[in-house]
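Participant: Starting from these lines, generate the structure:
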Amino acid sequence: MALLYPRWFIDLWIPGFDRPFEAMKQVPWLIALAMFGMGATLTVEDFLRIFKMPKGVIVGFVLQFSVMPLLGWSIAHGLMLDPQIATGVLLVGCCPGGVASNVVTYLARGNVALSVTMTACTTLAAPLVTPSLMYLLAGQNVPVPFWGMTRSILYTVVTPVVGGILFNQLIERIKLRSKELEGVLAVISICAICLICAIIAANSQESIRSLGAILLIAVLLHNLIGYLLGYCGARLAGLHETEARTVAIEVGLQNGGMAANLAASVLKSAPAAIAPAIFAAVMSITGSILATWWRQHPPKTDSVLAATDADSE
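Facilitator: Now for the predicted structure:
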């Protein structure tokens with residue numbers, strides 16, 4: 001819709017105001033809203049769960065912040081992308097997983113607890129890890145404002161997530177927490193991410209039309225190879241099938257909204273925001289297909305491995 005009717009998403013009409021607002025300037029608020037919705041589905045126990053399943057979380061954390069950044073760098077250089085476009089591809093790889101990975105893991109009948117814990121841990125680590133990776137991998141080609149990126153992640157990602165967690169604790173204490181409310185907050189998060197991607201697409205209509213094919217190839221390679229390397233890395237690290245599938249989903253699905261916001265508000269580059277927007281759309285399709293396949297083909301070896309582990313103990 002944004003590509004067909006860009007004017008709808010270049011200026012936003014907000015009820016109660018008599019003038020439109022420049023949509024690009026609302027992106028940080030939208031990502032903050034999405035992250036608050038994600039935080040409202042988390043609890044303190046999700047962070048403490050790392051002590052119950054340390055191996056899975058650590059393996060997933062390492063793969064998340066190694067596979068996707070290096071893969072993004074390799075694809076950008078291999079396809080000889082324009083530096084600004086390449087920065088967007090790399091930025092996607094340097095971001096943590098998003099709430100979509102938790103939903104896809106649930107649909108795939110993976111280890112939802114592991115997925116949620118990985119998302120929580122990588123999100124909280126993002127203010128330092130994401131700018132550091134960008135500086136190391138892209139700093140020679142484009143200026144990377146390290147502290148500006150750190151502040152942006154703190155303000156638009158970490159603070160809203162923490163606020164959402166506190167909100168979750170509050171409504172649980174006063175007995176208002178419910179699955180219906182969590183569902184509403186999840187929908188709000190998804191709608192905010194969709195709107196961010198639409199705004200980016202509308203403001204980059206010509207670039208997408210001229211670079212659409214090569215960008216789609218880059219994004220597909222990044223996403224699909226991310227699944228593959230995430231799965232293989234987890235299996236090589238000794239994780240069971242269900243945990244390996246969960247890690248694959250967490251690695252392959254990135255926080256595209258966060259990457260688009262950083263590109264638009266920190267790097268001040270509309271071209272760099274294109275790849276994250278396309279990635280967010282593509283990963284929703286591939287993630288749904290992968291979840292359906294794995295749901296129809298449940299692991300057959302986990303029960304045997306679990307029994308073997310129990311016997312050895």
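Participant: count of neighbours near the spatially closest residue to residue 299 that is not a sequence neighbour?
Facilitator: Among residues not flanking residue 299 along the chain, residue 241 sits closest, at 3.7 Å (C-beta to C-beta, 6 or more residues apart in numbering). C-beta: built from backbone N, CA, C; applies to glycine. Using other C-beta atoms under 10 Å, residue 241 has 19 neighbouring residues.
Participant: do residue 57 as well
Facilitator: 21.
Participant: and residue 144, that's in a helix?
Facilitator: No: remark: residue 144 does not belong to a helix; assigned using DSSP: H, G, I helix; E, B strand; the rest coil, it is coil.
Participant: quick one: the helices in the stretch 51-200 of the chain?
Facilitator: Assigned by DSSP state H, counting those that start in this stretch, the helices in the stretch 51-200 of the chain fall at 54-78, 83-94, 99-107, 112-138, 146-153, 159-173, 179-203.
Participant: And the fifth one, what does it pack against?
Facilitator: Same thing as helix 146-153. Contacts defined by 3 or more C-beta pairs under 8 Å, 6 or more residues apart in numbering; DSSP states H and E place helix 146-153 against helix 112-138.
Participant: The helix it packs on: which residues count as buried?
Facilitator: Neighbour-count burial for helix 112-138 flags 113-124, 126-127, 129-135, 137-138 (criterion: 16 or more other C-beta atoms under 10 Å).
Participant: Listing request: residues of the stretch 1-150 of the chain with sub-threshold pLDDT.
Facilitator: Under the criterion of pLDDT under 70, the regions of the stretch 1-150 of the chain flagged as low confidence span 14-18.
Participant: quick revisit: mind checking pLDDT for the residue nearest to residue 299?
Facilitator: Looking at residue 241, its pLDDT stands at 94.
Participant: count of neighbours near residue 89?
Facilitator: Around residue 89 there are 30 residues (other C-beta under 10 Å).
Participant: Could I get the contacting residues of the closest residue to residue 298 other than its chain neighbours?
Facilitator: Among residues not flanking residue 298 along the chain, residue 109 sits closest, at 6.3 Å (C-beta to C-beta, 6+ apart). Counting by C-beta atoms under 8 Å, 6 or more residues apart in numbering, residue 109 makes contact with 242, 294-295, 298.
Participant: Closest one of those to residue 203?
Facilitator: Nearest to residue 203 among those: residue 294, at 36.0 Å, using C-beta to C-beta.
Participant: ok, that closest one - contacts?
Facilitator: Contacts of residue 294 (C-beta under 8 Å, 6+ apart): 108-110, 245.
Participant: any chance of the helices of the stretch 51-200 of the chain in JSON lines, with distance to residue 277 too?
Facilitator: Shown next, in JSON lines, are the helices of the stretch 51-200 of the chain (distance: least, C-beta to C-beta, whole Å):
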{"stretch": "helix 54-78", "distance to residue 277": "15"}
{"stretch": "helix 83-94", "distance to residue 277": "9"}
{"stretch": "helix 99-107", "distance to residue 277": "14"}
{"stretch": "helix 112-138", "distance to residue 277": "18"}
{"stretch": "helix 146-153", "distance to residue 277": "17"}
{"stretch": "helix 159-173", "distance to residue 277": "20"}
{"stretch": "helix 179-203", "distance to residue 277": "4"}
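Participant: Appreciated, that's everything.
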